[in-house]
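A.B. asks: Next come a sequence and a model predicted from it.
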Amino acid sequence: MFKKKVWLLFIVFFVCAGLVREIDSVNAAGAGSLKLGVNDKLTNINAVSIKDTYFVPLRDLSLETNLVLTLHADGINVKGNNGSIRLMNDRSTATLLNGKKISLVTFLENGRTMVPVKMTTHLGFSISYKPAESLLRVHNSGAKLSDTAFVTQHKKALQANATTGTTGKKGKAVYLSFDDGPSATTSQLLDILAKYNAKATFFMLGPNMNEHASQVKRLVNEGHAPGLHGMTHVKDKFYASPTSALKEMNNDNAILKKITGQSTTLIRTPYGSKPYLTKPFRDKLLTQGYHLWDWNVDSEDWRYKNDSNSIYNTVMREVHSLKKSAPVILMHDQKATLKVLPRILETLKKEGYEFHIITSDMTPNNFWKDHR
């Protein structure tokens with residue numbers, strides 16, 4: 001027993017010593033922060049933004065979310081009501097309940113273990129992030145308030161946090177979007193996005209969601225935004241009438257709800273909204289609360305397929321041609337896109353872009369300039 005305690009103390013000392021320089025460099029970078037919401041409560045926990053990821057103190061998080069922490073020789077086991085995860089001593093990986101290892105960075109700050117908020121998705125929580133409203137919230141079945149009601153209830157505190165400048169300086173925003181999925185290669189696409197810590201919005205087809213339900217759950221759990229692309233992707237069927245278009249989106253949304261427990265208002269119509277989505281169609285869809293999104297950068301991956309250089313050059317040329325608007329990049333959830341995606345992400349990161357998801361509170365970017 002004595003030898004075991006000495007060994008554990010040695011591990012802790014070794015890890016702490018090895019991370020001192022790392023956290024010093026983090027502090028020197030001047031990371032911003034947001035107050036963390038847990039279910040219906042706005043806590044006093046500061047979530048610190050570092051390289052597009054929000055970190056919180058593990059001990060404080062455990063107290064607010066009723067997590068059980070257990071120290072082991074190889075790391076810290078974190079157990080919630082709906083899952084567990086072991087944070088390994090290498091500070092870069094974690095082990096899930098099924099034994100699978102994943103990439104998950106932690107570090108020490110003033111003697112506290114800091115963990116990414118996204119870790120909570122492995123413990124039965126969902127995450128809501130709306131930077132425009134300074135909202136960062138983890139929630140499970142114990143939450144009674146919707147995100148809108150949460151923001152309304154804590155409006156003064158959220159605004160006060162925003163006006164103090166604690167959200168930090170943001171880089172240039174870029175919005176990646178993928179159409180027509182999910183597919184047999186969505187897991188590889190998500191792996192690439194995770195490697196570059198990039199978030200994206202997926203405009204998905206109903207039948208494909210049914211076929212690849214596990215990938216729909218994964219992309220939502222990893223903080224990507226689900227969107228709707230209809231059911232058929234057949235022009236004559238989708239655009240047969242305003243009623244047929246609405247029916248396809250409603251059916252698509254019902255499938256998303258069945259798989260993930262949540263619905264969305266984000267839609268992208270097949271082939272883009274022009275010229276087919278005329279005013280009667282838009283009135284039918286948008287008066288039901290949907291928000292129409294097109295794009296301002298077309299990767300043309302649908303045209304060039306495996307010609308990675310042409311796809312890359314097209315994306316970067318169109319991104320650089322935008323003067324005022326943030327890039328909304330159209331790509332497709334297909335095997336050919338996987339080859340060029342890392343190159344695009346790497347270049348955009350080097351140019352100072354941050355990868356954000358499209359949210360329902362944003363002003364829609366569509367070809368009709370219909371901002372409903």
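C.D. replies: Arrived safely.
A.B. asks: Could you use CA atoms for every contact and neighbour count after this?
C.D. replies: Fine.
A.B. asks: Next up, phi/psi of the residue nearest the centre of the chain, please.
C.D. replies: Central residue of the chain (C-alpha atoms, centre = their mean): residue 223, 2.6 Å from the mean position. Its backbone dihedrals place residue 223 at phi 90, psi 10, with angles given as degrees, to the nearest 10.
A.B. asks: any idea how far the residue lying closest to residue 241 once chain neighbours are set aside lies from residue 271?
C.D. replies: The shortest distance from residue 241 to any residue other than its chain neighbours is 7.3 Å, reached at residue 281 (C-alpha to C-alpha, 6 or more residues apart in numbering). Separation of residue 281 from residue 271 (C-alpha to C-alpha, to the nearest Å) stands at 15 Å.
A.B. asks: out of those two, which sits in the busier spot?
C.D. replies: residue 281 (18 against 14; other C-alpha atoms under 10 Å).
A.B. asks: doesn't residue 245 make contact with that one?
C.D. replies: Yes - between residue 281 and residue 245 there is a contact under C-alpha atoms under 8 Å: 7.3 Å.
A.B. asks: sorry, back to before: surely the residue nearest to residue 241 is within a helix?
C.D. replies: Yes - Residue 281 sits within a helix when classified using DSSP: H, G, I helix; E, B strand; the rest coil.
A.B. asks: and it, what does it touch?
C.D. replies: When contacts are counted by C-alpha atoms under 8 Å, 6 or more residues apart in numbering, residue 281 touches 241-243, 245.
A.B. asks: if I look at residue 335, how far off is residue 313?
C.D. replies: Residue 335 is 19 Å from residue 313, by C-alpha to C-alpha.
A.B. asks: Sorry, wrong one. I was asking about residue 128.
C.D. replies: 34 Å.
A.B. asks: Could you do residue 328 as well?
C.D. replies: As defined by C-alpha to C-alpha, residue 328 lies at a distance of 16 Å from residue 313.
A.B. asks: neighbour-wise, which of these two wins?
C.D. replies: Applying other C-alpha under 10 Å to residue 328 and residue 313 shows that residue 328 carries more neighbours, namely 23 against 13.
A.B. asks: Specify the beta-bridge partners of that one.
C.D. replies: Going by DSSP bridges, residue 328 is paired in beta bridges with residue 175.
A.B. asks: my read: it touches residue 297, true?
C.D. replies: Yes - if you go by C-alpha under 8 Å, residue 328 and residue 297 touch, sitting 5.9 Å apart.
A.B. asks: So for the closest residue to residue 280 other than its chain neighbours, what's the pLDDT?
C.D. replies: Excluding the flanking residues, the one nearest residue 280 by C-alpha to C-alpha, 6+ apart is residue 242, at 6.5 Å. At residue 242, the pLDDT value in this model is 98.
A.B. asks: where along the stretch 101-250 of the chain do the helices fall?
C.D. replies: 147-153, 155-163, 186-195, 206-211, 213-221, 235-238, 242-260 (DSSP state H, counting those that start in this stretch).
A.B. asks: Tabulate the ones you listed (a markdown table), appending distance to residue 120.
C.D. replies: Below are those laid out as a markdown table (distance: least, C-alpha to C-alpha, whole Å):
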| stretch | distance to residue 120 |
| --- | --- |
| helix 147-153 | 17 |
| helix 155-163 | 22 |
| helix 186-195 | 16 |
| helix 206-211 | 24 |
| helix 213-221 | 9 |
| helix 235-238 | 38 |
| helix 242-260 | 16 |
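A.B. asks: Out of the ones you listed, which gets the lowest mean score?
C.D. replies: Among the helices of the stretch 101-250 of the chain, helix 155-163 scores lowest, with a mean of 74.
A.B. asks: so where's the stretch 1-150 of the chain shaky on pLDDT?
C.D. replies: The stretch 1-150 of the chain contains residues with pLDDT under 70 at 1-32, 110-111.
A.B. asks: for it, what spans make up the strands?
C.D. replies: In the stretch 1-150 of the chain, strands defined by DSSP state E, counting those that start in this stretch lie at 33-38, 41-50, 53-57, 68-72, 75-80, 83-88, 93-96, 101-103, 107-109, 112-116, 126-130, 135-139, listed in chain order.
A.B. asks: Of those, which is nearest residue 275?
C.D. replies: strand 126-130 (31.6 Å; C-alpha to C-alpha).
A.B. asks: got the contact list for the closest one?
C.D. replies: Strand 126-130 is contacted by residues 118, 120-121, 135-140, 147, 221, 223, 359 when judged by C-alpha under 8 Å, 6+ apart.
A.B. asks: what separates it from the chain centre, distance-wise?
C.D. replies: Put simply, strand 126-130 sits 8 Å off its chain's centre (C-alpha atoms, centre = their mean, to the nearest Å).
A.B. asks: Would you mind listing the buried residues in it?
C.D. replies: Within strand 126-130, the residues that qualify as buried are 126-127, 130, counting by 16 or more other C-alpha atoms under 10 Å.
A.B. asks: can I get these in a markdown table with distance to residue 54?
C.D. replies: Below are the buried residues of strand 126-130 laid out as a markdown table (distance: C-alpha to C-alpha, whole Å):
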| residue | distance to residue 54 |
| --- | --- |
| 126 | 14 |
| 127 | 11 |
| 130 | 13 |
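A.B. asks: in stretch 230-239, what counts as buried?
C.D. replies: 230-231, 233, 238-239.
A.B. asks: Next, give me the two most distant ones among the residues you listed.
C.D. replies: The widest separation within the buried residues of stretch 230-239 (C-alpha to C-alpha) is 11.8 Å, between 231 and 239.
A.B. asks: just to revisit the earlier point, which among the helices of the stretch 101-250 of the chain is found nearest to residue 372?
C.D. replies: Residue 372 lies closest, by C-alpha to C-alpha, to one member of those: helix 242-260, at 15.7 Å.
A.B. asks: how close does residue 316 get to residue 104?
C.D. replies: 30 Å.
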